[in-house]
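> just need the structure, nothing else, for what follows:
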Amino acid sequence: MYQIGIDEAGRGPAIGPLVVCALGIPNSDTKFLAAIGAVDSKQITKKKREEISERIYLEAENRNWKIGIIVCKASRIDIERNKINLNKLEIELFKEAVYETGIKEKNGIVKADACDVNEQRFKERIRYALGAKWKDWEIHARHKMDSEEIIVGAASILAKVRRDKEIEKISDLLNLDVGSGYPSDPKTKEAVKKLVNSKTPNQYLRWSWATVKNAWNSTHDLPIPIREELGRTRIQSSLNEWSNTEM
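Sure, this is the predicted structure:
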């Protein structure tokens, strides 16, 4: 029987993707995760996370572990937030990550770090999202499960390492140190200011984030554009234009 741990990295940043990882292993292999040193990614250093991530991928090849990683770009986050909230988007990403593992077993246990204040609601939404083929799987969802369950802690490490790599890639492509991507990071704050100085904000920014909107508003007369499907953007009229329009 398999167990699947699911967690995310990058829910709050103003720059870069949200990454979700689902890790599936046979129940009997939990001891190998413990030997590797898998814990909540927040409890260990960047170097240690990278070492453990590499070990997990090596073990996955040898032990038929299943890994599903979804990299949700900033553009998708903005577009989806026009329709649903971030919690519902995460449910969709959790489902996609589980499907990405390719696990075919008819039953097992899914363990997810709940991002909703209501753990039961989060659990039921995961069950509904996974669909009928997963009806015989147990679903467990709790807050801080990444620090309580080794399988979820391991998933959090894989998600965090991938998110860090994506941020490094963005910094290289822009030739700009964007820091961690989190609004509290001074490097990120400075990067955001530079990345809004065009007709539209940079593609790697989350345009729907307050940090990005505030930086945009400080240098532009029009409100920040709205991202739409198929790479389109919708330009918003200024409040002054609305007030001067005849009724």
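> for residue 139, grab phi and psi.
phi -120, psi 120 (degrees, to the nearest 10).
> ok, now which ones touch it?
Contact analysis of residue 139 by CB atoms under 8 Å, 6 or more residues apart in numbering lists 109, 110, 112, 123, 126, 127, 130. Just so you know, the C-beta spots here come from the backbone N, C-alpha and C atoms, and that holds for glycine as well.
> in strands, which of the residues you listed appear?
109, 110, 112 (DSSP state E).
> against residue 206, how distant is the last one?
Read it as residue 112. Per CB to CB, to the nearest Å, residue 112 is found 23 Å from residue 206.
> leaving out the residues flanking it, which one is nearest to residue 148?
In space, and not counting its chain neighbours, residue 148 is closest to residue 142: 7.1 Å by CB to CB, 6 or more residues apart in numbering.
> what's the neighbour count on the one you found?
For residue 142, the neighbour count with other CB atoms under 10 Å is 16.
> do residue 32 as well
Neighbours of residue 32 (other CB under 10 Å): 18.
> what helix or strand does it sit in?
Taking DSSP states H and E as the criterion, residue 32 maps to helix 30-36.
> show me what that helix is packed against.
helix 46-63, helix 150-174 (3 or more CB pairs under 8 Å, 6 or more residues apart in numbering; DSSP states H and E).
> would you mind writing the CA trace of that helix as CSV?
Output of helix 30-36 as CSV, limited to C-alpha atoms (Å, rounded to 0.1, in the frame of the first residue of the first chain):
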residue,chain,number,x,y,z
THR,A,30,9.0,5.2,5.7
LYS,A,31,12.1,4.1,7.6
PHE,A,32,14.2,5.0,4.6
LEU,A,33,12.9,8.5,4.6
ALA,A,34,13.8,8.7,8.3
ALA,A,35,17.3,7.5,7.6
ILE,A,36,17.7,10.1,4.9
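> run through who's touching it.
Counting by CB under 8 Å, 6+ apart, 3, 25, 52, 55, 56, 59, 63, 150, 151, 154 sit against helix 30-36.
> let's go with 6 Å and repeat that
52, 55, 59, 150, 154 (CB atoms under 6 Å, 6 or more residues apart in numbering).
> bridging residues for the residue nearest in space to the middle of the chain?
By CA atoms, centre = their mean, the chain has its centre lying nearest to residue 18, at 2.5 Å. Taking DSSP bridges as the rule, residue 18 bridges to residue 72.
> surely it and residue 72 touch.
Yes - Residue 18 is within contact range of residue 72, at 4.5 Å (criterion: CB atoms under 6 Å).
> from the ones in strands among the contacts of residue 139, pick the one nearest residue 9.
Set against residue 9, the nearest of the ones in strands among the contacts of residue 139 by CB to CB is residue 112 (14.0 Å).
> ok, now which ones touch the closest one?
Listed by CB under 6 Å, 6+ apart, the contact set of residue 112 reads 6, 126, 141.
> which SS class is the first one?
Think residue 6. Under the three-state scheme (DSSP: H, G, I helix; E, B strand; the rest coil), residue 6 adopts strand.
> tell me how far it lies from residue 209.
Counting by CB to CB, the gap from residue 6 to residue 209 is 24 Å.
> quick one, which of those two is more surrounded?
residue 6 (30 against 22).
> number of residues surrounding residue 65?
When neighbours are counted by other CB under 10 Å, residue 65 registers 21.
> backbone phi and psi for it, please?
Torsion angles, degrees, to the nearest 10, at residue 65: phi -70, psi 150.
> isn't it up against residue 25?
Yes - assessed by CB under 6 Å, residue 65 is found in contact with residue 25 at 4.7 Å.
> low-confidence ranges in the chain?
Applying pLDDT under 70 to the chain flags residues 230, 237-247.
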